[in-house]
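1. need coordinates for the following:
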Amino acid sequence: MGDGPDGYYHLRRVGCAQACPREGGGTTISVALAESGRGGEIRQIGVFENHPEVLAKLAARLAKGGGRLSFCYEAGPCGYGLHRLLTGWGHDCVVVAPSLIPIKAGDRVKTDRRDALMLAKLHRVGELTAIWIPDAAHEAMRDLVRARATAGRVLSKARQHLQSFLLRHERIYRGGRAWMLAYRRWLTRARFAHPAQQICAARLYPRRPGAYSDDVGRAF
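-> Residues are numbered from 1 along each chain as shown. Now for the predicted structure:
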């Protein structure tokens, strides 16, 4: 391939939501290799533990003899730690969007091994679309924004459950705006005929400072 890399190596992340379970919560990576050149061999290397020391040894073994490595893997819920690890060792690495990966019509069988081989082949011929990789600070801010949005959704859902429970048992607040301090005090004084209902009310509205706070942002 002219002055291109001597070999393209694809690492596909297997962990997180699509993990191969391991004791201690670890994950594994399925590795496939496509040799340079149009007729270069494409083969499965194996499955390895997703640990920096293991990956460092693997990269050193694959680069033995001075070969250049170009890694790629599919974006997923595990983030960009693998990309930062590989580029920090001086290797090329791209992360590709799953929705932009070319797929043959009718090819619906997905396994880690098949995906690794397919992506290694596509990476070699330049048919993969790389996505933008945020730096660690940007990713941390993403996590914060997503966590706040999730907390807001959870809070809204919890309030809906509580209000539906109160309405079913004809507990209607008539003192003004809901979820203000007076409303929350009224909730703590609500009483029900059956002990099970009282337990349910206690679970739906925990009597502790900050429960169902109007300002979710305070937690962040």
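
2. after the helix or strand hosting residue 156, next one along is what?
-> Element membership for residue 156 (DSSP states H and E) is helix 136-168. Going down the chain from helix 136-168, the next helix or strand is helix 181-189, by DSSP H and E.

3. can you give me the buried ones in that following helix?
-> Residues 184, 187 are the ones in helix 181-189 that count as buried (16 or more other C-beta atoms under 10 Å). No exception for glycine: its C-beta is placed from N, CA and C like everyone else's.

4. so how far is residue 143 from the residue nearest the centre of the chain?
-> Closest residue to the average C-alpha location of the chain: residue 77 at 1.8 Å, with C-alpha atoms, centre = their mean. According to C-beta to C-beta, to the nearest Å, residue 77 stands 12 Å off from residue 143.

5. ramachandran coordinates for residue 62?
-> phi -70, psi -30 (degrees, to the nearest 10).

6. and for the one 4 residues further on?
-> With angles defined as degrees, to the nearest 10, residue 66 shows backbone torsions of phi 90, psi 10.

7. burial measure for it, as a count.
-> Residues lying near residue 66 (other C-beta atoms under 10 Å) number 6.

8. do residue 123 as well
-> The number of residues near residue 123, taken as other C-beta under 10 Å, comes to 22.

9. do the same with the one 10 residues further on
-> The number of residues packed near residue 133 is 15, by other C-beta under 10 Å.

10. could you do residue 134 as well?
-> Neighbours around residue 134, by other C-beta under 10 Å: 13.

11. do the same with residue 68
-> 16.

12. any idea how the protein splits into domains?
-> 7-133, 137-219 (automatic domain parsing).

13. lowest-confidence stretch among these?
-> Mean pLDDT per stretch puts domain 7-133 lowest among the domains of the chain, at a mean of 78.

14. quick check: angle from the helix holding residue 156 to helix 181-189?
-> 60 degrees (axes from the mean of the first three to the mean of the last three C-alpha atoms, to 10 degrees).

15. so which elements touch helix 136-168?
-> helix 195-204 (3 or more C-beta pairs under 8 Å, 6 or more residues apart in numbering; DSSP states H and E).

16. hang on, isn't residue 43 packed against residue 33?
-> Yes. The pair residue 43 / residue 33 is scored as a contact, 5.7 Å apart, by C-beta atoms under 8 Å.

17. of these two, who's got more company?
-> Per other C-beta under 10 Å, whichever of residue 43 and residue 33 has more neighbours is residue 33, with 20 against 11.
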